[in-house]
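1. predicted model, plus sequence, below.
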Amino acid sequence: MNRISAFSVCFLIITMLSACSDFSRLQKNGTPEEKLSRAIEYYNEDENYKAGSLLEDVSPLLRGKAEAETALYYLANNYFKQKQYVMSAFYFKDFYLTYPRSKLVEETMYMHVYSLYKSSADYNLDQQSTYECLKALTVFSTRYPNTTYLKECETIYTELNGKLMQKAFEHSMMYHKVSNYKSAVVAITNFIKDYPTSPYLETSYFTRFEAQYHLAKNSIQGQIQIDRYYKAIEYYQLLNDKFPDNNYKKASIEYYDKSLEVLEELKSK
């Protein structure tokens with residue numbers, strides 16, 4: 001190693017040790033004001049761990065002081081930068097509830113929504129954050145109907161609503177796949193009611209009819225079975241009224257004809 005390289009390495013080590021000792025000194029002996037000032041510098045330098053550590057230390061100590069608002073704002077944003085969205089959602093909400101007159105309320109309310117959006121899981125997993133996000137989005141949109149974040153809010157709503165729609169659709173189809181036809185009819189009917197413009201609507205109308213047909217077919221002979229066949233015919237008519245050129249013509253006509261045939265046999269007994 002030549003002298004220049006050796007000097008560079010030594011300088012780097014000294015710089016790193018100095019930075020570490022400065023951070024340690026602040027943690028142990030720094031005043032709240034010093035910690036906040038350096039935390040903001042760390043934040044701007046993307047030293048997120050150091051920024052977060054100092055902000056966590058200083059936030060309780062600054063309560064009641066003017067600097068507390070700044071500390072909480074940076075703490076929330078620092079968690080967001082680290083992709084810790086559950087924590088950032090918590091602190092953004094804490095901010096706008098604690099400082100309702102701050103000029104940063106609109107921004108932090110939106111960032112609370114956006115953090116919940118980022119923490120929303122895939123459609124087949126638990127959707128608690130999705131529901132919380134949509135609720136928060138409603139509150140935000142009501143308070144700021146002309147917000148500068150309007151386009152972003154529309155995108156969030158569309159995506160999350162689509163996620164819930166897909167989950168509800170898959171849930172309703174699951175009952176049919178396991179031959180739980182009674183539950184399938186109920187679940188699909190609820191899906192149709194909740195998502196009247198869904199791209200899955202045609203499949204839902206047909207599957208409801210198919211499930212009702214199998215429910216009737218597997219019923220014990222008597223008035224209940226007759227009523228269930230009539231209900232299947234009703235669902236067939238609704239399918240064709242809604243989608244006259246649907247993709248399930250062959251199967252639906254077969255179920256429909258069989259329903260009429262069995263009804264005639266049952267009524268003749």
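-> Arrived safely, thanks for sending.
2. can you tell me which residues contact the closest residue to residue 200 other than its chain neighbours?
-> Nearest residue to residue 200, sequence neighbours excluded (CB to CB, 6 or more residues apart in numbering): residue 169, at 4.7 Å. Backbone N, C-alpha and C define where each C-beta goes, glycine included. Residue 169 sits next to 191, 195, 198, 200, 204 when contact means CB atoms under 8 Å, 6 or more residues apart in numbering.
3. so of those residues, which ones are in helices?
-> 191, 204 (DSSP state H).
4. now the helices for the protein?
-> Shown for the chain, the helices assigned by DSSP H span residues 3-29, 32-44, 48-61, 67-81, 85-98, 105-119, 128-143, 150-177, 181-194, 201-217, 223-242, 249-268.
5. turn the ones you listed into a markdown table, columns for mean pLDDT.
-> Below are those laid out as a markdown table (pLDDT from 0 to 100):
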| stretch | mean pLDDT |
| --- | --- |
| helix 3-29 | 58 |
| helix 32-44 | 93 |
| helix 48-61 | 93 |
| helix 67-81 | 97 |
| helix 85-98 | 97 |
| helix 105-119 | 98 |
| helix 128-143 | 97 |
| helix 150-177 | 96 |
| helix 181-194 | 97 |
| helix 201-217 | 98 |
| helix 223-242 | 96 |
| helix 249-268 | 94 |
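6. quick revisit: quick one: the residue nearest to residue 200 from residue 194, how far?
-> Remark: distance between residue 169 and residue 194 (CB to CB, to the nearest Å) = 10 Å.
7. neighbours of the closest residue to residue 149 other than its chain neighbours, just the number please.
-> Closest residue to residue 149 apart from its sequence neighbours, by CB to CB, 6+ apart: residue 110 at 4.7 Å. Residue 110 has 23 neighbours, counted by other CB atoms under 10 Å.
8. spit out the contact partners of residue 110.
-> Taking CB under 8 Å, 6+ apart, one finds 140, 147, 149, 152, 153 in contact with residue 110.
9. buried only: go through those for me.
-> Buried by 16 or more other CB atoms under 10 Å: 140, 147, 149, 153, out of those.
10. who touches the closest residue to the second one other than its chain neighbours in this structure?
-> Using CB to CB, 6+ apart and skipping the chain neighbours, the partner closest in space to residue 147 is residue 106 (6.4 Å). Taking CB under 8 Å, 6+ apart as the criterion, residue 106 is in contact with 144, 147, 148, 149.
11. state the distance from residue 106 to residue 186.
-> With CB to CB as the criterion, residue 106 and residue 186 are 42 Å apart.
12. and for residue 116?
-> On the measure of CB to CB, residue 116 and residue 186 end up 30 Å apart.
13. and those two? Which one has more around it.
-> residue 116 (27 against 15).
14. contacting residues around that one?
-> By CB under 8 Å, 6+ apart, the contact set of residue 116 is 85, 89, 129, 130, 132, 133, 136.
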